[in-house]
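[1] Here is my input; please provide its structure:
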Amino acid sequence: MGGNTMKTRTTGRVLTMVFALGASVTSVAANGGGVAPSANEYRNSCAVCHGDDGRGDGNLVNFLNVKPTDLTKLTENNHGEFPFLRVFQVIDGRSMVSGHGTRDMPVWGKRYVEEMGESYGPYGGEAAVRARVLDLVYYIQSIQN
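    Below is the predicted model:
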């Protein structure tokens, strides 16, 4: 009986996360993308290298081997289309960026998984991490020139 209770709780958590993620995506779509994404995650994870405004002029820029990308020009540098999937994959670790070195090197590397992964169980953690990455991608999309 304990195993079924555990499965039920885990399933409930997963469904809650899926619903929450779906609701946030629906909200963005309904508002034409007008939802103001949180800048907190950007400040915590990216600003130290990419700068407060995303222009690649963060406090650590003098200590880096490669100058950080100007995140405000991602759309401009991609023929007028924001590279949503590429940005998502870079943040969640599926794509490498030469300036970031190995996957263990970035300040924000595995932090999402370490902070959130176990809080939501084996299945809900993945949804929570993806929701957090998605929030950051929406913020970066919102600062395009």
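
[2] For this structure, which segments count as helices?
    For the chain, the helices defined by DSSP state H cover 2-30, 40-45, 47-50, 84-92, 111-116, 121-142.

[3] mean pLDDT for the ones you listed: which is lowest?
    The stretch with the lowest mean pLDDT among those is helix 2-30, at a mean of 49.

[4] How about the contacts made by residue 61?
    Applying Cβ atoms under 8 Å, 6 or more residues apart in numbering to residue 61 gives the contacts 49, 51, 67, 68. Bear in mind the C-beta positions are built from the backbone N, C-alpha and C, glycine included.

[5] can you rerun that using 10 Å?
    48, 49, 50, 51, 67, 68 (Cβ atoms under 10 Å, 6 or more residues apart in numbering).

[6] Then residue 67?
    49, 56, 57, 61, 99.

[7] go with 6 Å
    Residue 67 makes contact with residue 56, according to Cβ atoms under 6 Å, 6 or more residues apart in numbering.

[8] Over to residue 68?
    Shown in contact with residue 68 (Cβ under 6 Å, 6+ apart): 49, 50, 56.

[9] Show me which of the residues you listed is closest to residue 88.
    Of all the contacts of residue 68, residue 50 has the smallest distance to residue 88: 16.2 Å, by Cβ to Cβ.

[10] so that closest one makes contact with residue 72?
    No - the pair residue 50 / residue 72 is not scored as a contact, 9.2 Å apart, by Cβ atoms under 6 Å.

[11] Between these two, tell me which one has more neighbours.
    Taking neighbours as other Cβ atoms under 10 Å, residue 50 and residue 72 compare with residue 50 leading, 23 against 17.
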